[in-house]
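> Following is a predicted model, sequence given first.
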Amino acid sequence: MRPLTVLCIASYEKGYEFLREAKRQGCRVLLLTSHSLKECAKWPMESIDEIYYMPDDKKQWDRQQTINAVSYLSRSEALDRIVPLDDFDLEMAAALREHLRIPGMGETTTRYFRDKLAMRRQAADKGLNIPDFEHVLNHDKVNAFLDRVPAPWVLKPRFMAGAIGIKKVYTKDEFWRIVDGLGDDQSNYLVERYIPGHIFHVDSVVSEREILFAVASRYGRPPMDVSHEGGVFATRLLEHGTPLEKSLLEKNALVLSAMGLLRGVSHTEYIQGREDGKIYFLETSARVGGAHIADLIAASTGINMWAEWAKIEVDGGAGNYTLGEVKNNYGGLLVSLARQEKPDTSGYNDPELVWRMEKKHHVGFVVSSPSYERVQYLMDQYLERVREDFLAVAPPREKPTE
């Protein structure tokens, strides 16, 4: 019996543990990635049987060219799974599955996990609590929204990830100046009521529509604020058993059911309004959370989201997947740009420090402990120290970068 052949698509460098776990599961692992990464990426080559490159001179792959390339590859490779390792690869993977008739999430369901408009419409249809929004399409409807919903508003690109390309807008004149400048790209945006408050994320493992694992965390400053104004990115697990954690996990189950996630992993974000205390759904995804959130979850719970995802994909609904052992520790993560090319973090040496970032002009830590209070104390201390010792600020990203 031949091994399962998994084609992983990664336009950006990530997903090492998925590749390693797929190989541990006995798969033939193929990687399709960007040509611009050929000389610089440090892929775990011991876990990859073959690697192929797509031209990305314009920082994106041509859809038809990719379909042609993978169809040609399929003449000699019998592909069983196609897995996107980055948010920006979901649509391409879905298009390939549809074209080659390979099992997995198709283009319609993928829209609910990539298109901020589609996921909001679906959430509204299912009765979920979401901020008021309007598609930037019909100008009369948009003006009615701007007149009805008090400023500020948030202008969001439908297909970017995280806070990339998002703008907070304070007046109608400012809004229309920005929108007029978008030209034919206007329909790729939506406008949404800005709700101040704490932002949370729930990271989940799903098998055959059942959530087998979910952990709720709270960001420090909202990621959009960090992206636009600079600062330290931080998040920490919520205290277990609290009404807030319970409410987030319940709403998360409703969201993933509404979006139709059959199997895989998800990173979903919510906001608790400062004025009304209500929890609103913001956006979801069918991927592992970025910015080293996977490292935080692994250190705190023992669950490696990348590895569990690989196991689920390999199982393919056969019913043989079982979740790894879960620990109930707490954890916190912080990441910051650093003024120094190689920051000296040797002074950060608490025994609870379990992960340290090694990247030029960056500093990052994960702390983990069975004690919720200890994690809070360390995170508060480290945030202050990192701001003083290392913090640097860069302009916000309008487009994805490697």
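Yes, it's here. Treat the numbers as computed from the prediction; the structure is a model and nothing was measured.
> Domain-wise, how is this protein divided?
In terms of domains, the chain is parsed into 5-104, 132-193, 197-389 (source: automatic domain parsing).
> How far does the helix or strand of the chain with the lowest mean pLDDT sit from its chain's centre?
Every helix and strand of the chain was ranked by mean pLDDT, DSSP states H and E. The lowest is helix 223-229, at a mean of 83. Here the centre of mass of C-alpha atoms in helix 223-229, compared against the chain's by C-alpha atoms, centre = their mean, to the nearest Å, lies 16 Å away.
> show me where the stretch 51-200 of the chain has strands.
Across the stretch 51-200 of the chain, reading from the start of the chain, the strands by DSSP state E, counting those that start in this stretch fall at 81-84, 133-135, 153-157, 167-169, 189-193, 197-207.
> Tell me which of those is the most buried.
Counting by mean count of other C-beta atoms under 10 Å, strand 81-84 has the highest mean neighbour count of these, with a mean of 24. Any C-beta I mention is one placed from the backbone N, CA and C, and that applies to glycine too.
> which residues touch that strand?
Counting by C-beta atoms under 8 Å, 6 or more residues apart in numbering, the neighbours of strand 81-84 from elsewhere in the structure are 4-10, 18, 70, 90, 92-93, 96-97, 100, 102-104, 287, 309, 313-314, 316.
> Which of these are buried? Put it as a ChimeraX command.
Buried members of the contacts of strand 81-84 can be picked out in ChimeraX with the line below, counting by 16 or more other C-beta atoms under 10 Å:
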select :4,5,6,7,8,9,10,18,70,90,92,93,96,97,102,104,287,309,313,314
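> neighbours around Leu146, how many?
Leu146: 18 surrounding residues under other C-beta atoms under 10 Å.
> repeat for the one 4 residues further on
Using other C-beta under 10 Å, Pro150 is surrounded by 9 other residues.
> Take the strands of the stretch 51-200 of the chain and lay them out in CSV including distance to Lys116 and mean pLDDT.
Output for the strands of the stretch 51-200 of the chain, formatted as CSV (distance: least, C-beta to C-beta, whole Å; pLDDT from 0 to 100):
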stretch, distance to Lys116, mean pLDDT
strand 81-84, 18, 98
strand 133-135, 9, 98
strand 153-157, 6, 97
strand 167-169, 14, 95
strand 189-193, 6, 98
strand 197-207, 15, 98
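> Now render those as JSON lines, adding distance to Thr322.
Formatted as JSON lines, those follow (distance: least, C-beta to C-beta, whole Å):
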{"stretch": "strand 81-84", "distance to Thr322": "19"}
{"stretch": "strand 133-135", "distance to Thr322": "39"}
{"stretch": "strand 153-157", "distance to Thr322": "38"}
{"stretch": "strand 167-169", "distance to Thr322": "44"}
{"stretch": "strand 189-193", "distance to Thr322": "40"}
{"stretch": "strand 197-207", "distance to Thr322": "9"}
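> wait, which of those is closest to Gly347?
Ranking these by their distance to Gly347 (criterion: C-beta to C-beta) puts strand 197-207 first, at 29.6 Å.
> Any buried residues in whatever helix or strand comes next after that closest one, and which?
Going down the chain from strand 197-207, the next helix or strand is strand 210-219, by DSSP states H and E. In terms of neighbour count (16+ other C-beta under 10 Å), strand 210-219 has its buried residues at Ile211, Leu212, Phe213, Ala214, Val215, Ala216, Ser217, Arg218, Tyr219.
> try stretch 21-33
Residues of stretch 21-33 classed as buried by neighbour count (16+ other C-beta under 10 Å): Glu21, Ala22, Lys23, Gln25, Cys27, Arg28, Val29, Leu30, Leu31, Leu32, Thr33.
> Then stretch 311-330?
Along stretch 311-330, these residues count as buried under the neighbour rule (16+ other C-beta under 10 Å): Lys311, Ile312, Glu313, Val314, Asp315, Tyr321, Asn329, Tyr330.
> do stretch 48-57 as well
Residues of stretch 48-57 classed as buried by neighbour count (16+ other C-beta under 10 Å): Ile48, Ile51, Met54, Asp56.
> Report the contact partners of the second one.
Shown in contact with Ile51 (C-beta under 8 Å, 6+ apart): Leu30, Leu31, Leu32, Thr33, Trp43, Met45.
> quick one: which of those is nearest Glu269?
Proximity of these to Glu269 (C-beta to C-beta) peaks at Thr33, which lies at 27.1 Å.
> Quick check: bridge partners of the closest one?
Thr33 forms beta bridges with Ala10, Tyr53, as assigned by DSSP bridges.
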